[in-house]
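Engineer: Quick one, fold the following:
(4 chains)
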Protein chains: 2
Amino acid sequence: MKKEPKPETAKTNKGEQTRALIMETALEMLREQGYEQTTMRALAERAGVSLGNAYHYFNSKEQLIQAFYARTHEEHIEACAALLEGERSLKKRLLAVMQAKLDTIEPYHQFAGVLFKTAADPKSHLNPFSKQSAPIREESTRLFAEVVNGSDARVHKEIRDELPRLLWLYHMGITLFWIHDTSHSRRRTRRLVEITVDLIVKLIALTSNPLMRPLRKAVLEIMRELREAEQ
Amino acid sequence: MKKEPKPETAKTNKGEQTRALIMETALEMLREQGYEQTTMRALAERAGVSLGNAYHYFNSKEQLIQAFYARTHEEHIEACAALLEGERSLKKRLLAVMQAKLDTIEPYHQFAGVLFKTAADPKSHLNPFSKQSAPIREESTRLFAEVVNGSDARVHKEIRDELPRLLWLYHMGITLFWIHDTSHSRRRTRRLVEITVDLIVKLIALTSNPLMRPLRKAVLEIMRELREAEQ
DNA sequence: TATAAAACCTGAACGCGTTCAAAAATAATC
DNA sequence: GATTATTTTTGAACGCGTTCAGGTTTTATA
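Structural biologist: The predicted structure is shown next:
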């Protein structure tokens, strides 16, 4: 029989401190030196911990990125709360959220390549479509739901439910472009966001047009297919 | 001064033979055992060559994938030539090309994850948006141009020039989905291709509608932006 | 306070991709 | 054929991510 440690002391365990120490050191090093330079050995040394011990808390180097990913995600969610307050225009809301995203991730552009490289692997836990990423994915989707629901835009009822997921997919596409964007201060991505947000809002306005019916149906079917693929 | 070897003997050099031997052995092993199992040491041993020598001909393990990528691409182009012969329906042409793509890459699905993982890295030569991939990308785009031009579909003149590039982008998206597709025989991807090809053809038919003018403009602007990003 | 259990930590070792100085084989030149 | 230049080949070595058997410290129990 395994006995649980007293829950009120569990959080102040030595282990928790060590984990936090390693994690903070890792984020520091990732920002300062990028991914390749941040070797597990260098990290362990800087944190004043043995190599094996670092692995006791983070099963792989990839898990460091995961922690990192979670953090920028939190920052983004937080930043958006203030931005959406009192704004009713869908275009402005979506634009604000997307720009906040770019602002949040900008400091880490130098090692975003590695992040994406890892995330692209179907076997990786970091893969945005994976089960492990579901919590972040869902929270992110909820943000886009709020963008739409808090606006005064009228959305055809057939696609209303799918729209947040569509916007989440869109935001992944923008992130993909951003990673490959070598322009100064990511100007190109910012420009692309302006154009595409404009396009999306126009498209949404068109959804009620009878001419659009076959397109609506097709898009819904595609989204259903994509959802079923999540397993 | 460096002297060139006699060109007529250059191709039958001992080196060329060794290179071919390593390459064939690599493709064999990749197919049989996947990427991780195909270590450079195992490859060298099977090819009856020293480890250092393998590196003399392939600067990195990644280059093996590149050779592999080029080969499946050739196969696809070849397969399409026969398929497009005598068919005028845009929908059928596009569908045939996409299905041929899936057929070509299916045998390698098991290690496609690694391929994509590598390709996603902005620094990688395999990255489909990179300079190094330009020849394959352009040849592929040309294929999609032929799909459109050889059909009887009427395409609004404003987007006619961009359509092949749009279709190439679409085909990259499908490939991305395919990599993550764990369904039997990639059924989901095949279904997705059917749906999306249908949607695309409908969209193309709609392009001439005046209502679509702002969308056309926006799409063109996005494509211009994407093209400028290729540097 | 003594003892058992759990949590925490260590460093050597493994296999990997990759590099490199130098040896061996081949080709070019005289 | 002897000498030189070039190409081809070797295997040891490096640093990396990762594993693991076993030690040390902390916590729970008596």
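Engineer: Which residue ranges of chain A form helices?
Structural biologist: Remark: helices of chain A, listed N- to C-terminal, are A:7-10, A:14-37, A:40-47, A:51-57, A:61-84, A:90-105, A:112-120, A:134-149, A:157-160, A:163-180, A:187-206, A:213-229; assignment by DSSP state H.
Engineer: Packing partners of the second one?
Structural biologist: Contacting helix A:14-37 under the criterion 3 or more Cβ pairs under 8 Å, 6 or more residues apart in numbering or on different chains; DSSP states H and E are the following elements: helix A:40-47, helix A:51-57, helix A:61-84, helix A:112-120. No exception for glycine: its C-beta is placed from N, CA and C like everyone else's.
Engineer: again, only using 7 Å
Structural biologist: In terms of contacts (3 or more Cβ pairs under 7 Å, 6 or more residues apart in numbering or on different chains; DSSP states H and E), helix A:14-37 is packed against helix A:40-47, helix A:51-57, helix A:61-84.
Engineer: and the ones you listed, which one's lowest on average pLDDT?
Structural biologist: Note on the helices and strands packed on helix A:14-37: helix A:61-84 shows the lowest mean pLDDT, a mean of 90.
Engineer: quick one: it to helix A:134-149, angle?
Structural biologist: If you take axes from the mean of the first three to the mean of the last three Cα atoms, to 10 degrees, helix A:61-84 sits at 20 degrees to helix A:134-149.
Engineer: got the buried residues for helix A:61-84?
Structural biologist: Residues of helix A:61-84 classed as buried by neighbour count (16 or more other Cβ atoms under 10 Å in any protein chain shown): A:61-66, A:68-69, A:72-73, A:76-77, A:79-80, A:83-84.
Engineer: contact partners of it?
Structural biologist: Applying Cβ atoms under 7 Å, 6 or more residues apart in numbering or on different chains, the external contacts of helix A:61-84 come out as A:23, A:26-27, A:30, A:40, A:58, A:93, A:96-97, A:100-101, A:104-105, A:108, A:115, A:118, A:124-126, A:136, A:139, A:143, A:146-147, A:150.
Engineer: and if you look at stretch A:147-165?
Structural biologist: With Cβ under 7 Å, 6+ apart, stretch A:147-165 has contacts from A:84, A:88-90, A:93-94, A:97, A:141, A:144-145, A:204, A:207-208, A:216, A:219-220, A:223.
Engineer: Quick one: buried ones out of those residues?
Structural biologist: With neighbours counted by 16+ other Cβ under 10 Å, the contacts of stretch A:147-165 contain buried members at A:84, A:90, A:93-94, A:97, A:141, A:144-145, A:204, A:207, A:216, A:219, A:223.
Engineer: got JSON lines for the residues you listed, with distance to A:N13 too?
Structural biologist: Shown next, in JSON lines, are those (distance: Cβ to Cβ, whole Å):
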{"residue": "A:L84", "distance to A:N13": "38"}
{"residue": "A:L90", "distance to A:N13": "47"}
{"residue": "A:R93", "distance to A:N13": "43"}
{"residue": "A:L94", "distance to A:N13": "43"}
{"residue": "A:V97", "distance to A:N13": "38"}
{"residue": "A:T141", "distance to A:N13": "34"}
{"residue": "A:F144", "distance to A:N13": "38"}
{"residue": "A:A145", "distance to A:N13": "38"}
{"residue": "A:I204", "distance to A:N13": "50"}
{"residue": "A:T207", "distance to A:N13": "53"}
{"residue": "A:R216", "distance to A:N13": "54"}
{"residue": "A:V219", "distance to A:N13": "50"}
{"residue": "A:M223", "distance to A:N13": "44"}
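Engineer: DNA strand D: which of the buried residues of helix A:61-84 is nearest?
Structural biologist: Nearest to DNA strand D among the buried residues of helix A:61-84: A:K61, at 3.6 Å, using Cβ to the nearest atom of the strand.
Engineer: Taking the buried ones among the contacts of stretch A:147-165, tell me the two that lie furthest apart.
Structural biologist: The span of the buried ones among the contacts of stretch A:147-165, defined through Cβ to Cβ, is set by A:L84 and A:R216 at 26.7 Å.
Engineer: mind listing what the closest residue to A:L192 other than its chain neighbours touches?
Structural biologist: Once flanking residues are discounted, A:L192 sits nearest to B:E225: 5.3 Å by Cβ to Cβ, 6 or more residues apart in numbering or on different chains. For B:E225, the contacting residues are A:R188, A:R191, A:L192, A:I195, by Cβ under 7 Å, 6+ apart.
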